[in-house]
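got a predicted structure here, sequence first:
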Amino acid sequence: MDKGTVLGLAAGWGFVCFAILLGGVGFGPYIDIPSVLIVLGGTISVTSGQFEGNELKRIGPALKVAMNKVSVEEQPELIEKIIFYATEIKKHGVMHVEQKVLEEPNPFFREAFQLLVDGIKPEVLVPLLETKLEFMAKRHERMLKLFTNVGGTAGSMGMIGTLIGLVAMLANLSDPASVGPAMAVALITTLYGALIGTLFAGIIESKLNEKNSVEITSCEIIIVGTSMIAAEESIGNIKMRLNAILVDGIE
C-alpha cells in the first residue's frame, strides 16, 4: 500500500467532513441528488464519450497502481543490480546469469537481460527496448490524460449545475419555497465538482505521474546498462554512466 496516496485521500476527505461537522448543520444539507446526477453522472458520461472502452477498463488497474507501492526497485539498487549482472557476465559469460534473469520480478528488466542472454547485438537491442518503452509511456500518458479530464470535467459539470440552479431560482423568485432547493443545486454542484476534481482525480493523477516518471527513468537506466554490457564496455564505464544518470535525475 502507498501510504502517501492513502493518507492524502483520507486526510483531504477527513478535513472536509470535519469542517462540515463543525458547521453544526450535519451532512444533510450537503446531500443533494440532482447535484449528484449532474456532476457524477455528467462526468462519467463525458469521460465515457471521450475515451475508448479498453482505456476505461484500465481505470481500475490504474487506481491500484496509485494506491500501492511501485513494484520496481529504487534506482540506486537497480544500478547496483545491473553492475552485479555486468560483473557476473564478465567473469563467467552471459549464460551464467540465464536462470537468475528468468526469476527477475521486473518484467522490463527481465526482458532486456533475456535479450542479452539470447545474444542480441546492441544495435538491435537498443531500438527494441526503446520501442517497448515508447509504447509503455504512451499507455501511461493516456491514463494520465483520462484522470486530468475527469478532474476538469467534474469542475465544468459543477459550473453547469450552478447555472441550472441559478436559472431555476430566478425563474421561480415568486415562489419562496422553490428558491432554497434551486440555490442548493447551484452551490452544491460546484462543491461536488471541486471535491471530485481536487480530492480524487487530482491526487490520483499526480501520484500516477510521479510513478510514471520513476518507472520511465528506471527503464532508461536498464536500456543504457544492457546496451553497454552487450557492447562489452568495462565495469568502470558502466558504473560511471549509470551513476551519471542518477545524479542528473536528482539535480
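Yes, it's here.

look at the residue nearest the centre of the chain and report its pLDDT.
With distances taken as CA atoms, centre = their mean, residue 208 lies nearest the centre of the chain, 1.6 Å away. As predicted, residue 208 sits at a pLDDT of 90.

that one: which element?
helix 203-230 (DSSP states H and E).

repeat that for residue 164.
Using DSSP H and E, residue 164 falls in helix 122-171.

in the lowest-mean-pLDDT helix or strand in the chain, which residues are buried?
Lowest by mean pLDDT, DSSP states H and E among the helices and strands of the chain is helix 235-250, with a mean of 77. For helix 235-250, burial by neighbour count (16 or more other CB atoms under 10 Å) applies to 238, 239, 241, 242, 245. Using the backbone N, CA and C atoms, a C-beta is placed for each residue, glycine as well.

the strand or helix carrying residue 109 - contacts with which helices or strands?
Using DSSP H and E, residue 109 sits within helix 107-117. On a contact count with 3 or more CB pairs under 8 Å, 6 or more residues apart in numbering; DSSP states H and E, helix 107-117 meets helix 75-92, helix 98-102, helix 122-171, helix 203-230.

mind redoing it with 7 Å?
helix 98-102, helix 122-171, helix 203-230 (3 or more CB pairs under 7 Å, 6 or more residues apart in numbering; DSSP states H and E).

low pLDDT regions in the stretch 101-250 of the chain?
247-250 (pLDDT under 70).

try 50
Flagging of the stretch 101-250 of the chain using pLDDT under 50 yields the residue ranges 250.

give the buried residues for stretch 6-18.
Neighbour count says stretch 6-18 has 8, 9, 12 buried, by 16+ other CB under 10 Å.

how about those residues in JSON lines, adding distance to residue 186, pLDDT and secondary structure?
Shown next, in JSON lines, are those (distance: CB to CB, whole Å; pLDDT from 0 to 100; DSSP: H, G, I helix; E, B strand; the rest coil):
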{"residue": "8", "distance to residue 186": "29", "pLDDT": "88", "secondary structure": "helix"}
{"residue": "9", "distance to residue 186": "27", "pLDDT": "88", "secondary structure": "helix"}
{"residue": "12", "distance to residue 186": "24", "pLDDT": "89", "secondary structure": "helix"}
